[in-house]
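Participant: Quick one, what's the 3D model for this:
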Amino acid sequence: MAGAKKPVRILRNLNAKVAALPMITTALVIFVGCTIWTIVHSFTNSRLLPKLEFVGFDQYERLWSTRRWLVSIENLAYFGIGSLVFSLVIGFLLAALLDQKIRFENTVRTIILYPFALSFIVTGLVWQWILNPEFGIQHIVRGFGFENFVFDPLYNPDIVIFGVLIAGLWQGTGFIMVIMLSGLRGIDGEIWKASRIDGIPKWKTYLFVVIPMMRPTFVTALVLISAGIIKVYDLVVAQTNGGPGIASEVPAKYVYDSMFRSQNLGQGFAASTMMLLSVLVVLIPWAYLEFGGRKDGK
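Facilitator: Numbers count the residues shown, from 1 in each chain. The predicted model follows:
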């Protein structure tokens, strides 16, 4: 009817909006609310229990003057750079190999992806045994007659974080491979035919055509890897428990120990807030690349 009024916009899809209310409430109360609560209490002198006794930036000054926190940030940088580079490179190379339609592809893909199904605790314990010099890789190699061979990263404070990195790569690279493989399978087959007709080497096709077309896939993989890097905790606890000494400490473990072992909630809240800032450093560029770039392209 010509005289009928259009429904108010807020009443459109009312059932769907009502159904989404619990999820929206949960997100606002638990995630946003608890985040604000944590930030506020990071400026307090909370110890065993939270209390609104504000001390300004004292907790942050104490945090950045603590050697253990600085070591954890340094370890996170080494672990993060290594994870980003090697996960992306190895994951893409494995995906490119499987994309060649090799025999037993499903079997190979399952074997490579299997470690991702394990918990970080299991992965940490397995690699603690593998890297143990008494019955791990070093022991096996010496059994072949190489008596001077030394490979004990978990017992060397200078390289212990790289032992943790090996375990992390073993578990997570298969998942990145699957993401990359899905991106490669989305590439139009006509591109490969055109490159073969033009005589372009396959590596140049990958480097200058395929990889730029897979930008959203790489961005997704980058965000997932970065999130795992920032919150790494159980892998370190299972392998080294932060040792030798404090050589393999990471921020998430520092937060846990401050809040539940040292009973210093204010210090733990301050460290948590710094971790939140590092998450935002990852999420904001990702949001811009995903949504800002898409809006510009319209």
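Participant: Now residue 184: closest residue in space that isn't a chain neighbour?
Facilitator: residue 99 (4.6 Å; Cβ to Cβ, 6 or more residues apart in numbering). Bear in mind the C-beta positions are built from the backbone N, C-alpha and C, glycine included.
Participant: so that neighbour makes contact with residue 186?
Facilitator: No - counting by Cβ atoms under 8 Å, residue 99 stays clear of residue 186, with 10.8 Å between them.
Participant: in stretch 81-89, what's buried?
Facilitator: Within stretch 81-89, the residues that qualify as buried are 82-83, 86-88, counting by 16 or more other Cβ atoms under 10 Å.
Participant: er, stretch 183-190 actually
Facilitator: 183-184, 187.
Participant: I would like the residues contacting that stretch, please.
Facilitator: Contacts with stretch 183-190, where a contact means Cβ atoms under 8 Å, 6 or more residues apart in numbering, come from 95-96, 99, 210, 213-214, 216-218.
Participant: Report the buried members of these.
Facilitator: The buried subset of these (16+ other Cβ under 10 Å) comprises 95-96, 99, 210, 214, 217-218.
Participant: so what's the residue nearest to residue 184 up against?
Facilitator: 181, 184-185.
Participant: For it, give me the pLDDT.
Facilitator: Here the pLDDT value assigned to residue 99 is 88.
Participant: can I assume residue 223 is in contact with residue 286?
Facilitator: Yes - here residue 223 lies in contact with residue 286, judged by Cβ under 8 Å, at a distance of 4.9 Å.
Participant: name the element residue 72 belongs to?
Facilitator: helix 67-98 (DSSP states H and E).
Participant: list the contacts for residue 272?
Facilitator: 38, 42, 255.
Participant: how about a markdown table for the residues you listed, with neighbour count added?
Facilitator: A markdown table is the format used below for these (neighbours: other Cβ atoms under 10 Å):
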| residue | neighbour count |
| --- | --- |
| 38 | 17 |
| 42 | 23 |
| 255 | 23 |
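Participant: Closest one to residue 269 out of those, please.
Facilitator: Nearest to residue 269, judged by Cβ to Cβ, of the contacts of residue 272 is residue 42 at 3.8 Å.
Participant: Cool, thanks, signing off.
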